[in-house]
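[1] Output the structure for:
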Amino acid sequence: MERQSTTFILIKILRDLNLNTNIEAREQRLRYVKDRFQRSNTNIERCIKASTSNLTELITNFSDISTSIEQSKNRIENVRQSLRECKNLLLLKRQQIRKLWVATYEENALDRIYLNIHELKHVPSRLQFYLNKRLYIHASLLLLKAKEHQELRLINALSHIDLQIKEERLALEDQLHFELIYHLFDKPSRDILGNKNLSSTINKNDQHSVSRLRENRLLRKQLDHEFEEGKLSFEYHSLAIIPDKYMLVDIRNQPSNIYLDVLLQSLSIVWNLNETLDFVQKQFYEQLYRIVLRTTQHIIDNNLIVSNYSNQNLILNNTDCLRDLLEITYEQFKCVVKNMEYLINMLKLLQDHQTPIQIQQKEYLASLKQNDHESGEHISVPNEIKFEIPYIFSIESVWETLQQVLSDVLSEYIDFDNLLDTSSFGSSSISHSNDYTNRPSLIDFSQYLTKRAPPRSQQIPRLFEFSQSAQYNSMTLYLQEQNCFVLKQEASTTKQRTTTYKQYVCKPNYRNITAVHDILQRIIEDIDTNYKLHTTKRILDRKLTLFIRDRFIGRVIKDIRDSAQLSSSLSSTITDRNRLIELIPSVLQKQLELSIPILQSTYLIFKSCEELCALVKCLPPYADDFCQAIVDLLFKHRESCNKLFLSIVEKTDSLGVSIYSNEWVKDPDINRHLRTMPAFDAFIRMTKQEHLINNDNEDDNVENIRFRQTKETETLLINFSQNEMSIDDICTNYKHITVLATIHESLDWLYCKLVHYFDILDKCSNDTKYLDALTQTTVKLGFTTRSIKQNSSHYDQLKLSRINLEIFSNAMKTTLTLSYDILLVLFLEIRLHCFYYLSLFFRNTFHYAYAIDTDLDENIMALNRDLTHLQETLNSSLNEKKFSFLFQGLGFVLATILIRSSPRFNRINELGVTKICRNIFAIEQTLTQIRTVGDAELMRAHQYYELLYAIKPEDILHIIEEHGQEYSEQDYLHLLQLQSRSLSSDERENFDLSKYEQLVKTAFNPKVKNSN
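    Reported below is the predicted structural model:
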């Protein structure tokens, strides 16, 4: 209760008094309160009495403190008064010192101004000295230091110096722009073109390098002397931050990296770097294109120099020059890209403050501060030079622009947009010309196909002729020598056509892509190797693929088809037929080393196929398209030749009916059988194995020849119609015979030529290196060209499917099949002629029963004339081996027909025997003129009929016993039967025919007699 607060106790007492209504309780409570109050009052008095001494001491101490405070206030007031007086004195002294400081500062400023005015006057001359010596870093730092003294240039007397420094600053910026453009683009271009110059030699270069080193030493000494003489005092700190490799060097004779370092750091110092980079990026395409133009002029000039030194005609329109242009241009572009990569790396160093000058500056300032701290003396530390922080562009844009320039150059030379006027200089339009002789081709054979010699201009002989004169006879000759070609002409408002000329290394033509495709592929691969570009930014690759796939292939195939003069319709007109049977000129025949002429259409087809094979080599990724074009040409030419062949062998009055020989050939079964005949089989084997001389000697002995002839004759006699033949069943037009022989020779020549290319293409499917041998013929474009060597990587892009090769093989086989069919027709036709005239001969056998003279039969004379015409016709249309094949065995066939036709004589007298022997002898003489091996066979027929001179049949039996069985048993029987029919009725009674027949049979079969 004692611990509780007084307020709480009072509140509690009041509450109890208020709540208790009992008076006694209230009184008791009151007594309790009064008691407690008395007790508290007593405690208070006791405490007061105990603290009276302390209070007295406290009051005494307080009085002392109050006295001390009053004394202190008095002292403070005195001090304050003293301070006021000191303050007034200090203010007076301060004003005096300020006046002295201002005067001193003014004197020092004037001294500094007077000191720098003299040097500032020499800044323009010193700056010009740096610019002349190409000390661009020195010049940039000098301008930066001169800018720190800008207040001096406000002096009127120095205003002209301010203008001169501004002009020098602009001149420095322009010169840095020019030097950067020159070093990035012009210098690598000129260096490479200088190395490609024909007049430069190694010895001259060595002497030039030695003399240049000596000259540099002398210049260095002179430069050191001039540099020290004109050095300005405020250049001290700026020169200290320049590394030694940039001090007093001529950057023109320094490596490329030092050249670029100096230019970029100088531009960064003068805060003109980003503006210059923008300028370079804007000029990048233009500068690259200038490299192309410079290279173009260089190649043209070199060609002119070569032609002058070698005393040869100037080479025009040479695609090798275009190859050189792309190769040299890309080589220069790579140097430009290399410089741009180094430039980007240098810009990154500028961003990271790691350039040589920035590093040198940090080290120099750190050394100054360290010396200041160690020495304790205050040394003026120069302000840090701030370099402009450049933005960095991507090297991808450089490669993209490079491809764009190459793509535009390619578009110009391949006539991508058809802007070139091909009618200039008297040339005909390429795209609309159907004349193969006027169309530019990889192979120019127009000189062989012209029917007339080109007209020669009749010039008046001159007394003096200046062949090497610098003057040109006409503007056309001048433009041709300068390789200037006409672009599209435009009509102006004055109704005059304005002609624009542009210089090219060769004439723009879409076929130029074949000469440069491998180089472009190498360039694309090299770009991919150096930098992986996104597919959408492979500009050159997309342009090349787009042009070849969508424009070149279709157009070149169309032009080649037009050059082959293929008929667009299937209808055979007289004009088409005359064109098909036209032969190559004799000049071309000698060039091809052919003993007989071939069809001009076949030669055109071969040259077109050869040109397509050359395109396969030039453009391996598109080999399938060109292979299909070759197949299409072969099939269409085979169809044209087949139409011409059918127009000859088919009868005009009967649709679908042809002469006997073709009827046999076009029947599949008979054709198959004829191809298995020994004569034809031996000829094919001889053709395929001409180099196997030993095998030929073994197969061509007398017995083998007799066996083949016998089997062949038996086959022909069996298949000859038993009905009488008419004149319409054989071909009597010798011009048609000539055409058939020429078609056969042409198709066979075409097949033999194309087999070489097919074998190479077949080998290329396994090993692409065989593409080198694809075009062995010399390609003449009107000038001597270098051999184009493709690299193996270019050949690896060959895309030639096995299916196309099989189709190509089938096309050649069908061509060869038609050729052999025509040869079979000629083979059969000759024998059918003999069969026809001999059938006419044996129709008039009645005259031989009562012959009164021994004159030759008219049919035999017609046969001889026919054989002579055939010999003359085929001898000039077929080679010797095929001619021998056609007439070989003909005597055996004639002899067999004459002998086996003896039953057709009802009877014959002695003059009749003489007459038929003379007929056989006439045929023998005709065959002797043809020079075949059929003479001995006809001699057998001659001897056969001479047996009829025998008076008695026993004489015939004696001849069989003495000379052997020269004829068959049936032939002897027919002879006895003819002799029996020729006897008179009295003699016939004494002639026992059955007896003599039995004797002949016994002579041929002696075993039968012995058994009996």
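[2] Tell me which helix or strand comes right after the longest helix belonging to the chain.
    The helix that spans the most residues within the chain, counting by DSSP state H, is helix 23-121. Following helix 23-121 in sequence order, the next helix or strand is helix 123-132 (DSSP states H and E).
[3] could you give the angle of that next one to helix 23-121?
    80 degrees (axes from the mean of the first three to the mean of the last three C-alpha atoms, to 10 degrees).
[4] now helix 123-132, how far from the centre of its chain.
    Chain-centre distance of helix 123-132: 53 Å, with C-alpha atoms, centre = their mean, to the nearest Å.
[5] Of all the residues in that helix, which ones are buried?
    Val123, Pro124, Arg126, Leu127, Phe129, Tyr130, Leu131 (16 or more other C-beta atoms under 10 Å). For glycine as for every other residue, the C-beta is placed from the backbone atoms N, C-alpha and C.
[6] list the helices and strands the longest helix of the chain packs on?
    helix 6-19 (3 or more C-beta pairs under 8 Å, 6 or more residues apart in numbering; DSSP states H and E).
[7] Residue ranges in the stretch 701-850 of the chain under the pLDDT threshold?
    Applying pLDDT under 70 to the stretch 701-850 of the chain flags residues 701-708, 715, 718-724, 775-797.
[8] before we move on, the earlier item: turn the buried residues of helix 123-132 into TSV, including distance to Ala862 and pLDDT.
    Listed next are the buried residues of helix 123-132 as TSV, based on distance: C-beta to C-beta, whole Å; pLDDT from 0 to 100:
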residue	distance to Ala862	pLDDT
Val123	120	77
Pro124	117	78
Arg126	118	79
Leu127	114	79
Phe129	114	80
Tyr130	112	81
Leu131	108	79
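[9] now, among those residues, which is nearest to Lys1001?
    Leu131 (129.2 Å; C-beta to C-beta).
[10] Tell me how far that closest one lies from Gln175.
    Distance of Leu131 to Gln175, given as C-beta to C-beta, to the nearest Å: 6 Å.
[11] list the contacts for the one residue sitting closest to the centre of the chain?
    Centroid-nearest residue in the chain: His517, 0.8 Å away (criterion: C-alpha atoms, centre = their mean). By C-beta atoms under 8 Å, 6 or more residues apart in numbering, the residues touching His517 are Leu544, Ile548, Cys618, Leu619.
[12] so which two of those are the farthest from each other?
    Using C-beta to C-beta, the two most remote members of the contacts of His517 are Leu544 and Cys618, lying 12.8 Å apart.
[13] re earlier: pLDDT averaged over the longest helix of the chain - what is it?
    Helix 23-121 carries an average pLDDT of 85.
[14] got it, and stretch 886-903?
    The model assigns stretch 886-903 a mean pLDDT of 84.
[15] Equivalent analysis for stretch 995-1012, please.
    Here stretch 995-1012 scores 67 as its mean pLDDT.
[16] Taking helix 6-19 as reference, get the angle to the longest helix of the chain.
    Inter-element angle recorded for helix 23-121 and helix 6-19: 150 degrees (by the same axes, to 10 degrees).
[17] buried stuff in stretch 334-350?
    So, applying 16+ other C-beta under 10 Å, buried residues of stretch 334-350: Lys334, Cys335, Val336, Val337, Asn339, Met340, Tyr342, Leu343, Met346, Leu347, Leu349, Leu350.
[18] Give me the contact list for that stretch.
    The contact list for stretch 334-350 (C-beta under 8 Å, 6+ apart) reads 183-185, 188-189, 191-192, 256-257, 260-261, 264-265, 268, 273, 277, 288, 291, 355, 358, 387-390, 392-393, 395, 398-399, 402, 526, 530.
[19] Pull it out as PDB, backbone CA atoms only.
    Below are the C-alpha coordinates for stretch 334-350, written out as PDB (Å, rounded to 0.1, in the frame of the first residue of the first chain):
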ATOM      1  CA  LYS A 334      40.100  -9.300-100.000                       C
ATOM      2  CA  CYS A 335      42.800  -6.800 -99.200                       C
ATOM      3  CA  VAL A 336      40.100  -4.200 -98.600                       C
ATOM      4  CA  VAL A 337      38.200  -6.600 -96.300                       C
ATOM      5  CA  LYS A 338      41.500  -7.300 -94.500                       C
ATOM      6  CA  ASN A 339      42.000  -3.600 -93.900                       C
ATOM      7  CA  MET A 340      38.400  -3.200 -92.800                       C
ATOM      8  CA  GLU A 341      38.800  -6.000 -90.200                       C
ATOM      9  CA  TYR A 342      41.900  -4.300 -88.900                       C
ATOM     10  CA  LEU A 343      40.000  -1.000 -88.800                       C
ATOM     11  CA  ILE A 344      37.200  -2.600 -86.700                       C
ATOM     12  CA  ASN A 345      39.800  -4.100 -84.300                       C
ATOM     13  CA  MET A 346      41.400  -0.700 -83.900                       C
ATOM     14  CA  LEU A 347      38.000   0.800 -83.200                       C
ATOM     15  CA  LYS A 348      37.500  -1.700 -80.500                       C
ATOM     16  CA  LEU A 349      40.800  -0.800 -78.900                       C
ATOM     17  CA  LEU A 350      39.700   2.900 -79.000                       C
END
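[20] quick one: average pLDDT of it?
    Stretch 334-350 comes out at a mean pLDDT of 89.
[21] Stretch 238-254 now?
    Mean per-residue pLDDT for stretch 238-254: 71.
[22] rewinding a little: buried residues of the helix or strand hosting the residue nearest to the centre of the chain, list them for me.
    Assigned by DSSP H and E, His517 belongs to helix 513-530. The neighbour-count check on helix 513-530 (16+ other C-beta under 10 Å) flags 513-524, 527 as buried.
[23] What of stretch 818-825?
    Leu818, Ser819, Tyr820, Asp821, Ile822, Leu823, Leu824, Val825.
[24] neighbouring contacts of that stretch?
    If you take C-beta under 8 Å, 6+ apart as the criterion, stretch 818-825 is touched by 638, 641-642, 645, 649, 661-662, 665-666, 671, 674-675, 680, 740-741, 743-744, 747-748, 751, 882, 885-886.
[25] So which of those residues sit within strands?
    Using DSSP state E, no member of those falls within strands.
[26] Pull out the buried members of those residues.
    638, 641-642, 645, 649, 661-662, 665, 671, 674, 680, 740-741, 743-744, 747-748, 751, 882, 885-886.
[27] Verify the contact between Arg126 and Leu142 for me.
    Yes - if you go by C-beta atoms under 8 Å, Arg126 and Leu142 touch, sitting 6.3 Å apart.
[28] ok but Lys502 is inside a strand, no?
    Yes - counting by DSSP: H, G, I helix; E, B strand; the rest coil, Lys502 is found in a strand.
[29] Run a quick neighbour tally on it.
    Close neighbours of Lys502, defined as other C-beta atoms under 10 Å, add up to 15.
[30] cool, Asp866 as well?
    Asp866 is flanked by 19 other residues according to other C-beta under 10 Å.
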